[in-house]
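> with the sequence up front, the predicted model follows.
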Amino acid sequence: MKTQTTIAVIGGTGKSGQYLIKQLLQQSFAIRVIVRDHPHTHLNDPKITVIQGDARDLASVKALVTGADAVISTIGQRGNELPIFSVATANVIQTMHEEGIHRYIITTGLSVNTLADQKSPWVTQATDWMYTHYPSTTSDKQTEYELLENSRLDWTLIRLPLIELTDETPSIVTSLTDCPSNKISAPSLATFLAGQLSDKTFYRAAPFLANVS
């Protein structure tokens with residue numbers, strides 16, 4: 001009989017993903033994490049199962065997600081590779097539907113737009129800047145959001161400003177219409193992500209998350 005909640009993690013080797021892994025371990029979750037290359041010393045824990053693969057590959061995602069209770073993605077873009085976000089999420093959605101898994105939590109940037117948005121001038125400017133300088137990646141993140149909306153999952157897409165790699169955990173603020181500030185600490189983000197596993201507040205929603213002083 002299964003007694004431990006298992007979380008599948010995509011992006012667990014990235015900068016913010018490493019904070020997430022640490023937070024999940026502190027809360028005694030079992031973890032399944034996909035990696036493109038090995039080794040990663042922060043994954044050397046008996047509660048972690050490492051899956052060698054790529055989130056753009058459906059078979060790899062099925063190997064990762066099967067047997068999990070929820071999925072969290074903090075996936076990021078590597079250099080000049082083709083956009084990864086919508087392909088990875090399409091694979092996750094298909095696998096979660098097939099396996100009867102419902103909770104999917106994803107991080108993304110400020111550039112994603114929703115019908116509820118009332119973006120302030122600086123967030124609007126940041127969104128326009130992303131579309132000008134990174135049009136393919138930015139459009140792909142918007143496509144990812146649309147895929148989530150059309151799925152049957154209990155998803156949350158968390159829109160983020162600059163992530164600060166620090167040990168500090170300032171207070172956080174959420175909003176469904178505008179970003180409260182221009183930064184979020186990685187530990188604050190990790191704590192929020194883990195908390196969403198048992199919180200239904202933002203089911204099928206795309207909140208902004210930021211620190212406030």
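Arrived safely, thanks for sending. Residues are numbered from 1 along each chain as shown.
> show me where the chain has its helices.
15-26, 58-65, 85-99, 121-133, 135-149, 186-195 (DSSP state H).
> contact partners for the residue nearest the centre of the chain?
In the chain, the centroid-proximal residue (CA atoms, centre = their mean) is Ile106; its distance is 2.7 Å. By CB atoms under 8 Å, 6 or more residues apart in numbering, the contact list for Ile106 reads 72-74, 89, 144, 148, 155-158. C-beta: built from backbone N, CA, C; applies to glycine.
> pull the most distant pair out of those.
Farthest-apart pair in these is Thr74 and Leu148; separation 15.4 Å (CB to CB).
> of the two, who's got more company?
Neighbours were counted for Thr74 and for Leu148 using other CB atoms under 10 Å; Thr74 has more, 28 against 22.
> identify the residue nearest the more buried one in space, chain neighbours excluded?
Gly11 (3.8 Å; CB to CB, 6 or more residues apart in numbering).
> indicate which one of the helices of the chain is closest to Leu209.
Across the helices of the chain, closest to Leu209 is helix 186-195 (CB to CB), at 6.0 Å.
> before we move on, back to that, now tabulate the helices of the chain in JSON lines and tack on distance to Pro46 and mean pLDDT.
Shown next, in JSON lines, are the helices of the chain (distance: least, CB to CB, whole Å; pLDDT from 0 to 100):
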{"stretch": "helix 15-26", "distance to Pro46": "10", "mean pLDDT": "95"}
{"stretch": "helix 58-65", "distance to Pro46": "18", "mean pLDDT": "97"}
{"stretch": "helix 85-99", "distance to Pro46": "24", "mean pLDDT": "97"}
{"stretch": "helix 121-133", "distance to Pro46": "40", "mean pLDDT": "97"}
{"stretch": "helix 135-149", "distance to Pro46": "33", "mean pLDDT": "97"}
{"stretch": "helix 186-195", "distance to Pro46": "19", "mean pLDDT": "97"}
